[in-house]
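Undergrad: Sequence plus predicted model, see below.
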Amino acid sequence: MVLVSAATQPAEFRYTAFPTLLMVGSDEAWLAYKAGRTHATDAGAAIEVVRHTLSSGTTTLIQRLPAPAPKLYQMGELTRMPDGTVALYVDVQAVGWDGRHYRAGAEVFRWNTTRLAFDAPTTLETVNGVRYGYPLDFISEGKSTWQLIMAFGYMEGGRWSVDALRSENSGGSWKLVRNLTAEFGGIRANESAFVRHGDGFIVTTRGYDNRERLHLTNGEFRLRRQVELTGKYPFINSHIGRPRLFVRDGQGYLIGRNRTQSAAAAPMQLCLFRFDPETLAITSCVVLDNADNKNVTDGYYAVTAFSGTGAGTRLHVFTYKAVGGEPPGIVRFDYNWDDVK
């Protein structure tokens, strides 16, 4: 199912990619995604937020949020804070003198329930002297919210790391819990995700060394167990692009862009991996899309939702996909959960 197509977008917003998702009701999801001209370095690129109904497949635009050039909005993470506020944390970039993209400091949009629109963004505050970019993932529980976010060496604070932050006031302020790069042995991690497990967390990291890892921690993100996935399994030959985690029926699941073949030119695929949340051992791999090795040229940052019960449970995967070099669209794939779990 195509939710957003380049053919129906204005020219400057026809490259749609990197969806994230927030369920706002049992049948309604909000999706935020990039709308620009290219994968990166496209000043003025926007984040669009749409409302999507699972049962009908109806998708309607809520708001388009263009970046003021020379900035561009690359990714936006939707989250609901403990006070009920919907917040959109945005990975803000700018193009440097060398034509490459650089983080310009994360920004936060908050939904205004009176105006029924997002208010103007604010810049995420520094934490212990560190200016952060690229918000990665959020978990709220009780009055606490945890965030995984990246620090960049050329920004204020001068540190390259993935950090865990915590807020006790719905994102009004943040405190550093742990520098995960240091805690996990100095790995050079970038895109990461996490999920609650018992009294702690499971974290997955995509390394600059093209290795994918799973990490089991306590509630303060102290490492308990860590495993490398890349090379350990014949179907994981590099990192997992923009990995995401969820837990269901006592099992852990990892989803994202993968290459099940080891050849340098192997096609990208969308894969779902099941793993034991205690041992972190992978117990299955399902290719959800592109098992027939088509020319998918960009895609497969994916988020998930569920509907139905029992044998009627359905897994809904929202991702982006480009074929043959054409601009990608935002798409939804549906699966019987019993067939892929």
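TA: Nice, I can see it.

Undergrad: I'd like to know which elements the strand or helix carrying residue 204 is packed against.
TA: Using DSSP states H and E, residue 204 maps to strand 200-207. The helices and strands touching strand 200-207, judged by 3 or more CB pairs under 8 Å, 6 or more residues apart in numbering; DSSP states H and E, are strand 189-197, strand 212-217, strand 241-248. Backbone N, C-alpha and C define where each C-beta goes, glycine included.

Undergrad: same question for that strand, mean pLDDT?
TA: Mean per-residue pLDDT for strand 200-207: 98.

Undergrad: what do you get for stretch 4-12?
TA: 95.

Undergrad: Quick check: buried residues in it?
TA: Neighbour-count burial for stretch 4-12, with 16 or more other CB atoms under 10 Å as criterion, is recorded at 4, 6, 9.

Undergrad: again with stretch 116-135
TA: Buried, per 16+ other CB under 10 Å, within stretch 116-135: 118, 121, 124, 127, 130-135.

Undergrad: Go ahead and name everything in contact with it.
TA: Stretch 116-135 is contacted by residues 49, 62-63, 65, 74-75, 77, 88-93, 103-112, 147-152, 155-157, 159, 163, 165, 173-176, 190 when judged by CB atoms under 8 Å, 6 or more residues apart in numbering.

Undergrad: what residues are up against the nearest residue to residue 70 once chain neighbours are set aside?
TA: Leaving aside its sequence neighbours, residue 70 sits nearest to residue 43 (CB to CB, 6 or more residues apart in numbering; 4.7 Å). By CB under 8 Å, 6+ apart, the contact list for residue 43 reads 67, 69-72, 94-95.

Undergrad: swap the cut-off to 10 Å and go again
TA: 36-37, 67-72, 93-95, 101 (CB atoms under 10 Å, 6 or more residues apart in numbering).

Undergrad: cool, and residue 167?
TA: Applying CB under 10 Å, 6+ apart, we find residue 167 in contact with 81-82, 138, 140, 143-147, 173-175.

Undergrad: Just the buried residues from these, in PyMOL please.
TA: Buried members of these, defined by 16+ other CB under 10 Å, are picked up in PyMOL with:
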select buried, resi 81+82+138+140+145+146+147+174
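
Undergrad: All the helices of the stretch 151-300 of the chain, residue numbers only.
TA: 180-183 (DSSP state H, counting those that start in this stretch).

Undergrad: how near is the residue nearest to residue 70 to residue 12?
TA: Distance, residue 43 to residue 12, using CB to CB, to the nearest Å: 10 Å.

Undergrad: same check, this time on residue 322
TA: Distance from residue 322 to residue 12, by CB to CB: 17 Å.

Undergrad: Then residue 121?
TA: Residue 121 is 20 Å from residue 12, by CB to CB.

Undergrad: what does the domain assignment say about this structure?
TA: 1-113+318-335, 124-294 (automatic domain parsing).
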